[in-house]
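kindly generate the corresponding structure for this input.
(chains A and B)
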Amino acid sequence: MSTTVAPAAYDSKIEGNVIFTRIDAAMNWMRKNSLWPMPMGLACCAIELMATASSRFDIARFGAEVMRFSPRQSDVMIVAGTVTYKMALAVKRIWDQMPEPKWCIAMGACASSGGMYRSYAVLQGIDNLIPVDVYISGCPPRPEALIEGLMKLQAKIDGEKSFLAQKESLAALAAEA
Amino acid sequence: MAKNLSSDVAAIEKKFAVLKKTEFRGETSLLVERAQLKDLARFLKEELGYSYLIDLSGVDHFGEEPRFEVVYELVQFERNDHLRIKVRVSEDHLSVATVSDLWATADWHEREAYDMYGIGFDGHPDLRRILMWDGYPYFPLRKDFPLAGKPSDMPEVAFSATAPLAGGPFVTAPSAGTTEDREPRSREF
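The predicted model follows:
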């Protein structure tokens, strides 16, 4: 008795449901449209962050409405506010707990540079401790500015070549061996 | 001075040594001896009815002797009287008696004065730093502490560094001008 193998035939039912793309393009598309933020609300910028998440500005339009209060489930840390030295290592610790790939937005003057607090108590920019992808100016920035920062981050993610880079480095290793 | 307040001050002067009495815009301040502070505080609360301590703060008169000062703002609710008590504290004996057993609010205020100036409060139940972290080596509101801060490091806890002041204190300039004119910048005075 022989098993019959169905020949790979043209199936009109799935036509239009299949697309061809590069895996990087597909991954980047998924990553950039579901950026789950870790809301690191430390000062008045956090009020604007909340406004951005609420109905008028509605950051859900960009797939970033799911504020995760667990760093293990978040993709982008939005540092919103003044980072004091007392808080600095706690922010670093939360950043370290976030799984890769991860991004960071420094929202407002304080998180970007210390802002008006040139003092003994305030870290002069969160980029002293963690790598920042997007800086947003303003004191505090309007929700539109935060949304533009998020769109800039999406554009940055869109240009990433993580799979291609991995493939190329593996090919380089194989060529060496 | 209100009539009740002046009788309070007279009662205080009868029992305690008042080093200096100041009146400014209807506010009365009494400078008293450090050793008599605790008895005076108890007298004010229990005999004269000053049941509410609004604030307790430290002052650094850098270059004067005694260098430090502790200020107590008191209120008598029934008569709506406001009295300010001051105590000078020298750097050699940098402590005063706690009043946190009389007014519970003094607990954290004394911790703050300790944190910022290093003034000790004898008998305080839990005299730890309140704003800076335990182990921070300086007292940042002292006049000889630089505005930009000093570097310090406690691994795994906190660190601090010197802030760039770009040649002047980094301050706002109040005016009717635009945001650009008013916002914090390095300015020379």
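
helices or strands next to the helix or strand bottoming out on mean pLDDT in chain A in the packing?
Within chain A, confidence by mean pLDDT, DSSP states H and E is lowest for helix A:162-176 among all helices and strands, at a mean of 89. When contacts are defined as 3 or more Cβ pairs under 8 Å, 6 or more residues apart in numbering or on different chains; DSSP states H and E, helix A:162-176 packs onto helix A:23-32. Any C-beta I mention is one placed from the backbone N, CA and C, and that applies to glycine too.

and the residue lying closest to A:M38 once chain neighbours are set aside, how many residues sit next to it?
Distances taken as Cβ to Cβ, 6 or more residues apart in numbering or on different chains put A:S74 closest to A:M38, at 3.7 Å, once the chain neighbours are dropped. Applying other Cβ atoms under 10 Å in any protein chain shown, we find 24 residues neighbouring A:S74.

quick one: contacts for A:S74?
Remark: with contacts taken as Cβ atoms under 8 Å, 6 or more residues apart in numbering or on different chains, A:S74 is in contact with A:36-38, A:68, A:98, A:102.

mind listing what's buried in stretch A:43-53?
By neighbour count with 16 or more other Cβ atoms under 10 Å in any protein chain shown, stretch A:43-53 contains the buried residues A:43, A:45-46, A:48-49, A:51-53.

and which of the residues you listed is nearest to A:M107?
For the buried residues of stretch A:43-53, the closest approach to A:M107 (Cβ to Cβ) belongs to A:C45, at 5.0 Å.

and the closest one, how far is that from A:I94?
Distance of A:C45 to A:I94, computed by Cβ to Cβ, to the nearest Å: 16 Å.

helix or strand for B:F62, which one?
According to DSSP states H and E, B:F62 maps onto no helix or strand at all.

what is the neighbour count of it?
11.

so which of the buried residues of stretch A:43-53 sit within strands?
Using DSSP state E, no member of the buried residues of stretch A:43-53 falls in strands.

between these, which is nearest B:T98?
Nearest to B:T98 among the buried residues of stretch A:43-53, with distances taken as Cβ to Cβ, is A:A43, at 32.5 Å.

quick one: contacts for that closest one?
A:80-82, A:110.

apply 7 Å and report the result again.
A:81-82, A:110 (Cβ atoms under 7 Å, 6 or more residues apart in numbering or on different chains).

which one (most neighbours) among those residues?
A:C110 (28 neighbours).

name the helices or strands packed onto the host helix or strand of it?
For A:C110, the host element (DSSP H and E) is helix A:108-113. Applying 3 or more Cβ pairs under 7 Å, 6 or more residues apart in numbering or on different chains; DSSP states H and E, one finds that helix A:108-113 makes contact with strand A:76-80.

what mean pLDDT does the strand it packs on have?
Averaged across strand A:76-80, pLDDT comes to 95.

next, count neighbours for residue 17.
Going with chain A. 7.

not what I meant, chain B
B:A17 has 12 nearby residues by other Cβ under 10 Å.

on that earlier part again, just the contacts of A:S74: which are in strands?
A:37-38.

now the buried members of the contacts of A:S74.
For these, a burial check counting by 16+ other Cβ under 10 Å picks out A:37-38, A:98, A:102.

thank you, goodbye.
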